[in-house]
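Peer 1: structure for the following, please:
(one chain, ligands or ions: 1)
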Amino acid sequence: MSDRTLGFGGGKVILVGEHAVVHGQPAIAAGVRRGVRARATLGPRDRLSIEPWGVRVEPNAAASEPLARAFDRALAFQGQRPPLEVHAEVELPPGAGLGCSAALGVAVIDAVDRYLGVRRERADLAELALSWERVFHGAPSGIDNTAAAVGGLLRFQRGSSVQVVRSRAPFYVVVAHSGESSETKVMVEAVAERCRTEPVESGRALEQIGHLVDQAEAAIRDGDLNTLGRTLDGNHRVLRTFGLSTPKVENLCEAARRAGALGAKVTGAGGGGCVIALAQDADHAIRVRDTLPVDAFVEELGHAA
Ligand code: MEV
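Peer 2: Residues are numbered from 1 along each chain as shown. This is a model prediction of the structure:
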């Protein structure tokens, strides 16, 4: 399998700002190495197969199966073309806050582009994948598909162009899966409902998250991990007030802090899914990972691309 035929969409963690980003605040996301790889080949008909899920779908704009509708949208971006079989390999858990659906959308569109010889900027790929994301998440902010296509450390805000966040030095987070999954659409709607019923308190909380994003960005730039850790903890406390944590998530955050993590929080949509914990350095990250009683991995962030 030559690299030139292989489409890729990366997973992501949100360091600070999830949910608030849907309501116009900034957020910082970081691409992770795990993601989705996809390859398109000439087929008897259009078909998408996804491993390790054992899923096969054909494109259908009217299907009740969201994947069939999303695949239909992904193919609609191309002009005249032969029938294509797209085979995707997913390395991310679905419903865990790591941007699995966005990574899949980006990988599929990228694979079809590559087969057809279409050259596209990664930022344009992100834009197309938003249409795929809408099938699953209703009205997403666009941060997941942007991170999936562009990768690296990003500051994202609706209506502004995405910015690369410069970091003084690499830093290390442990990504740990609570084992619980949730639907982003349901969690986003729950926050929106809270904003409708308690507009003043919710507005304040979302603004507070926006300030934490600014502090986190400055801390990353200055290499100030203690402050960065405090912004993670602060962000988690606000997310908890929106009901986005669970007892398992709380236990994981606590266990990571007891192991010396500088901060820990739920990442992504919440309601379960993954926790990120900021480690003191690379070796400490491995120690934190090893103390957690769940599937976890270490990610180096802020390295030179
Ligand atoms: C999900 O990864 C991030 C959310 O903020 C939703 C979105 O931004 O579309 C919860």
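
Peer 1: tell me how many other residues crowd residue 290.
Peer 2: 11 (other C-beta atoms under 10 Å). Every residue, glycine included, has its C-beta placed from N, CA and C.

Peer 1: and residue 169, by the same measure?
Peer 2: 10.

Peer 1: which ones are touching the nearest residue to it once chain neighbours are set aside?
Peer 2: Leaving aside its chain neighbours, residue 169 sits nearest to residue 223 (5.0 Å; criterion: C-beta to C-beta, 6 or more residues apart in numbering). Neighbour list for residue 223: 167-169, 171 [criterion: C-beta atoms under 8 Å, 6 or more residues apart in numbering].

Peer 1: got it, and residue 16?
Peer 2: Here residue 16 is in contact with 27-28, 209, 212-213, 216, 231-232, 235 (C-beta under 8 Å, 6+ apart).

Peer 1: so which of the contacts of residue 223 sit within helices?
Peer 2: Among the contacts of residue 223, no member is found in helices (DSSP state H).

Peer 1: most neighbours, which of the residues you listed?
Peer 2: That'd be residue 171 among the contacts of residue 223, by other C-beta under 10 Å, with 27 neighbours.

Peer 1: hmm, it is touching residue 226, no?
Peer 2: No. Contact criterion C-beta atoms under 8 Å: residue 171 and residue 226 do not qualify, at 11.5 Å.

Peer 1: so what's residue 205 up against?
Peer 2: Applying C-beta under 8 Å, 6+ apart, we find residue 205 in contact with 238, 241-242.

Peer 1: which among the residues you listed gets closest to the ligand?
Peer 2: Distance to the ligand, by C-beta to the nearest ligand atom, is smallest for residue 242 among those, at 10.4 Å.

Peer 1: nearest residue to that closest one in space, please, no chain neighbours.
Peer 2: Closest to residue 242 by C-beta to C-beta, 6+ apart is residue 191, at 5.3 Å.

Peer 1: ok so the one you found is a helix residue?
Peer 2: Yes. Secondary structure of residue 191 (DSSP: H, G, I helix; E, B strand; the rest coil): part of a helix.
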